[in-house]
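Engineer: What follows is a predicted protein model with its sequence.
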Amino acid sequence: MPGEPRSPQVAGAGHAPLERFQAARIELKQIYAGMKATLQDAAVFFLRRPVWVEYASGGSPTLHEEPLDEEVAMVNDAVRRSSIVIDTVSREAMKAVFFGRTSTGKSTLINAMLQKKILPSGVGHTTNCFCRVVGVDDGAAAFVEAADGSRSDVADLRDIAHALFSEEEDESRTTTIYWPREKCTLLKDYVEIVDTPGLDLSEEYDGWIDEHCKDADILILLVNSESALNRTERRFLEQVHARVANPTVFVCFNRWDCIDDAFDDTPVDGVRAQHLQSAFTLLVDKLEMVDDETTSLDDQVFLLSAKEALMRRTSEGSQSNGRKVDTTSEQSEVRYTEFCRFEERFAQCLSVNAMAHRFETHAVGAKELAGEACAVLAKYMTRLALHRQKLQAALQLQRGELEDLRTGIARVEQSCAAITSAHLADLKHSLTERVRSEAAAAVYDSIRGFRDVEGVFSESNLEPYTAKISEQAIAVVQGKIRDVCATELRESHAAAQHRLVQEIVKLLPSNMTSGRVRFETGYSPHVPMHIDGLVSSFKPDIAFRFSLGLSAASPRISAFINQSAAALLVGRPAVAAAASCTSEASDLFDEFLDFTQTPQGMLVVAGAASLLTQYRTRIVSYGAVLFFALYVYERASYTKSAKIHRFKNQLIEHTKGNLDQLVPHTAFYASEDLGKQLSEQTERTLVAVRQTAESLESGIADCEDRLDEIAGPNGLESGADALRKRFVAHLRTATSFVDGTFTPVSTPTKPRKAP
């Protein structure tokens, strides 16, 4: 417990834990190197043969690499992870970083552990930069200054002292010392030592910790035994705890010889208890860096004298600053034993931390990686077997579909031609009737609705007025014909497409038409318009004509004569037309005769005859007066508006007559355009169906090739099985390494968590 003195213990001089670390590192690298080579072969295997085939009934097999994305991603990620692990495991040294205030003996402690005075230490020597001590297998000692990166040989230790001291106040610079491994036992075991500037030189520790502490295996904080843990050292440990995940920290109270050998009555046990209590409060209670239930604080807090240990291990003898130092006293032996215990715990923690924090995780990762690869390959081989069965079934299906498709194409060509011809005949009739009806209504509305805003109507000169009203009528009729034709043609086009698709679907195999028999949408009808001469031959006649006069009756008489002449010249059609004109009058006369046979009719006829006999002269006189009055009324009411009304009626009749001749031509050409479009679309659809047949032929050949690639002597199944066997061997090797290397033992530190 803190506050109690510890009994001296004799520490072993060897570094066997570090040697086990080096052997484990070599074996783990070999495991990952072999697995990486197999993974690279697997990556080439997956990328070189993307032969997955998806087949949908009615189409050709489709090759794509999508089902292999998972395998390729897994292999590439595994190769990347293996490379990272190999680089991590291949580090040349474990890393121990020494921190403390200025002149606490960091360099002296490092020299004592190296058993060689490599770093300048003692009075007048202060390290004001970071210094890495790294072992090299061959070559002379050298150092590299961070300022220019130049490498210089070490002729004398004073060269190192000069390199570590700089007038520039840049504590973050790093100087690297390369020292032959055979000259130092600790460096021979691949341990990298980092000496640091004093903590009191700067309070910006974040950069120091990020660069030097996060990848360190052990952090050693040196404290002057003649003073307690101060604010600077506490603040540094707090920041280490905040930025490094579960660090292993040793606290060494150096210069304990000054406490033991003090000439005054210094209470040594009280000072020891005070130091241990302060370390316990900081590491256990406040920062929780040490779990006192699983780890003894004595294993991470030491009271020692680095200077005495250095003098014992070097050829400097026992002289220090001209003062005779007794290294054989009982207190000196106790302090050296404490130093050796520190070294023993240092080596054990360094090795155990590396094995537990790095190698064990990577070894388990190797097992998981090999097992994952085996599972992926087993799944891949299962998919290959299923796909082989699907390909065999697809071959038989495609051969039957190809035969059915070839038979159906010949029947479709004949049927579609007959459907198109019948549809166009119906279209011409319906289009003619609809255009004639709606165009006539448009003519009537346009001419009737014309307003002579400019007042160009003149009875003596009708040409300007005729031009104005004709221009409007032509524009309206042209737009109406275009709209009606476009609407009718689009509807007819859609209906024809539907019938053709139904016919094609009926004649072709159903699984061959899905997604392939599809006509184009967005048909743009072409409507030929030739109505510029719609009113060019119009000759208006707005002269006054009495409704009971000869001039008004003459057109009716001439029409009857013309119809009779046409009947004689042309034949039965004209006779039927003339007969239709007189049939209405004949029907009215028959109805009148039927009425006279009734009692009411007889009474009306008798009354009329009696009135005519009694009032004959008066009736004639009244009739003459009425005739004259009617003439005067019609003559007076035949104003400009009446003339315009007659003009519009004549123009309407003239335009309708011309439309009756133009509409059939327009309907004919529009129908022919639609027929051409339907024929072309039908042909394009059949071309797509023929391409399906060609695709089936190609798919059959391709499926046969793919079957050989999967199940052939050098096919995918044999290649995947060979890779799987190699990964099984890697899995056995990794399992043996984990079981033989990492046995449950009591470790001096808690397992490190990921930052």
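Structural biologist: Structure received.

Engineer: elements contacting the strand or helix carrying N658?
Structural biologist: Element membership for N658, per DSSP states H and E: helix 640-711. If you count contacts as 3 or more CB pairs under 8 Å, 6 or more residues apart in numbering; DSSP states H and E, helix 640-711 packs onto strand 53-54, helix 360-448, helix 463-507, helix 510-513, helix 716-741. Any C-beta I mention is one placed from the backbone N, CA and C, and that applies to glycine too.

Engineer: what is the orientation angle of that helix with helix 360-448?
Structural biologist: Going by axes from the mean of the first three to the mean of the last three CA atoms, to 10 degrees, helix 640-711 is angled at 160 degrees with respect to helix 360-448.

Engineer: right, and the helices and strands packed on helix 640-711 - which one's nearest T174?
Structural biologist: Checking the helices and strands packed on helix 640-711 against T174 by CB to CB gives helix 360-448 as the closest, at 27.7 Å.

Engineer: Burial check on E694, number of neighbours?
Structural biologist: 11 (other CB atoms under 10 Å).

Engineer: before we move on, the earlier item: closest to L47 out of the helices and strands packed on helix 640-711?
Structural biologist: helix 716-741 (12.6 Å).

Engineer: Report the buried residues of the closest one.
Structural biologist: 716-717, 719-720, 723-724, 726-727, 730-731, 733-735, 737-738, 741 (16 or more other CB atoms under 10 Å).

Engineer: average model confidence for the helix holding N658?
Structural biologist: For helix 640-711, the mean per-residue pLDDT is 76.

Engineer: Distance from the chain centre to it, please.
Structural biologist: Taking CA atoms, centre = their mean, to the nearest Å, the mean C-alpha location of helix 640-711 is offset from the chain mean by 41 Å.

Engineer: what's the angle between that helix and helix 716-741?
Structural biologist: Angle, helix 640-711 to helix 716-741, by the same axes, to 10 degrees: 60 degrees.

Engineer: Could you shift the numbering so residue one becomes 4, and keep it that way?
Structural biologist: Sure thing, new numbering starts at 4, so read that last one as helix 643-714.

Engineer: Helix 643-714 relative to helix 466-510, how many degrees between them?
Structural biologist: Going by the same axes, to 10 degrees, helix 643-714 makes 30 degrees with helix 466-510.

Engineer: just to revisit the earlier point, ok, which of the helices and strands packed on helix 643-714 comes nearest R23?
Structural biologist: helix 719-744 (8.4 Å).

Engineer: What mean pLDDT does that closest one get?
Structural biologist: 88.

Engineer: So which elements touch it?
Structural biologist: Packed next to helix 719-744, using 3+ CB pairs under 8 Å, 6+ apart, are helix 19-51, helix 363-451, helix 643-714.

Engineer: at 6 Å instead, please
Structural biologist: helix 19-51, helix 363-451 (3 or more CB pairs under 6 Å, 6 or more residues apart in numbering; DSSP states H and E).

Engineer: which one of those helices is the most hemmed in?
Structural biologist: helix 19-51 (a mean of 18; mean count of other CB atoms under 10 Å).

Engineer: circling back to that earlier point, nearest to A99, of the helices and strands packed on helix 643-714?
Structural biologist: helix 363-451 (19.9 Å).

Engineer: Closest to L405 out of the buried residues of helix 719-744?
Structural biologist: Closest to L405, out of all of the buried residues of helix 719-744 and judged by CB to CB, is L719, at 27.1 Å.
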